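> quick one: sequence and predicted model below, then my questions.
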Amino acid sequence: RANRDNGCLQVLRGSHHFGRVEHGTVGNQAGANPDRVEAIKKRCELVYVELEPGDTCFFHCNTLHASAANESPNPRWSMICCYNQVGNEPFDGQHRHGGNFAPVSKVPDSRILEVGAKSDFAPAN
C-alpha cells in the first residue's frame, strides 16, 4: 500500500497546464525548479495519491509530482513506466538518446498474473 504514512506519491492537480518546468539538481537528486514549484503550489491543489497494491495511476508528463521519505516500517514499491512516440524521440541539445525503441506488444491480462507469480516480489497467497 502507498499512503501518507509511508510517503506516497503526491501530485499538484492541474500543474501540467503550466507547461514544462526546467529540472536540475535539488539536494542530492533531480528536481523541478524550486521557485517555479512554489509559485505553482499556490495555484494547484496538492493531492496525495494513496493506492492499494495493484492500483495504477496515469498522469500527464508535465504534472509536478514527488514523494516523501518513507519513515514508516511499511514498505512501498512502485514501478514507473514512461512512454513516448518514436517521432518524438528525446533530444538533450547535444545528441539523441539512443533511439533503441521497441514496439509494445499487447498480452492477455492473465499473463501479468503468470509473470508476477514468478517474481521475488510477488505477494504470498
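Sure thing, it's come through.

> give the contact list for the nearest residue to residue 19 once chain neighbours are set aside.
Nearest residue to residue 19, sequence neighbours excluded (Cβ to Cβ, 6 or more residues apart in numbering): residue 62, at 6.4 Å. Placement of C-beta: from N, CA and C, glycine included. Neighbouring residues of residue 62 by Cβ atoms under 8 Å, 6 or more residues apart in numbering: 15-16, 18-21.

> and residue 105, what pLDDT?
Model confidence at residue 105, given as pLDDT, is 82.

> can you list contacts of stretch 67-81?
1-2, 4-10, 121.

> circling back to that earlier point, does the residue nearest to residue 19 count as helix, strand or coil?
coil (DSSP: H, G, I helix; E, B strand; the rest coil).

> any figure for the gap between it and residue 115?
Per Cβ to Cβ, to the nearest Å, residue 62 is found 31 Å from residue 115.

> repeat for residue 107
Look at residue 107 and residue 115: by Cβ to Cβ, they are 9 Å apart.

> what's the answer for residue 84, then?
From residue 84 to residue 115 the distance is 24 Å (Cβ to Cβ).

> now do residue 52
The gap separating residue 52 from residue 115 is 20 Å, by Cβ to Cβ.

> and these two? Which one has more around it.
Neighbour count, other Cβ atoms under 10 Å: between residue 52 and residue 115, residue 115 has more, with 11 against 8.

> wait, a helix at that one?
Yes: the assignment for residue 115 is a helix, going by three-state DSSP.

> phi, psi of residue 40?
Phi and psi for residue 40, reported as degrees, to the nearest 10, are phi -70, psi -30.

> C-alpha coordinates for the helix or strand bottoming out on mean pLDDT in the chain, PDB please?
Each helix and strand of the chain was given a mean pLDDT (mean pLDDT, DSSP states H and E); the minimum falls on helix 109-118 at a mean of 76. Taking Å, rounded to 0.1, in the frame of the first residue of the first chain, the C-alpha atoms of helix 109-118 are listed here in PDB:
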ATOM      1  CA  ASP A 109      -4.400  -9.900 -18.500                       C
ATOM      2  CA  SER A 110      -3.600 -13.500 -17.300                       C
ATOM      3  CA  ARG A 111       0.000 -13.000 -18.400                       C
ATOM      4  CA  ILE A 112       0.500 -10.400 -15.800                       C
ATOM      5  CA  LEU A 113      -0.500 -12.800 -13.100                       C
ATOM      6  CA  GLU A 114       1.700 -15.600 -14.600                       C
ATOM      7  CA  VAL A 115       4.800 -13.400 -14.700                       C
ATOM      8  CA  GLY A 116       4.100 -11.800 -11.300                       C
ATOM      9  CA  ALA A 117       3.800 -15.300  -9.700                       C
ATOM     10  CA  LYS A 118       7.400 -15.900 -10.700                       C
END
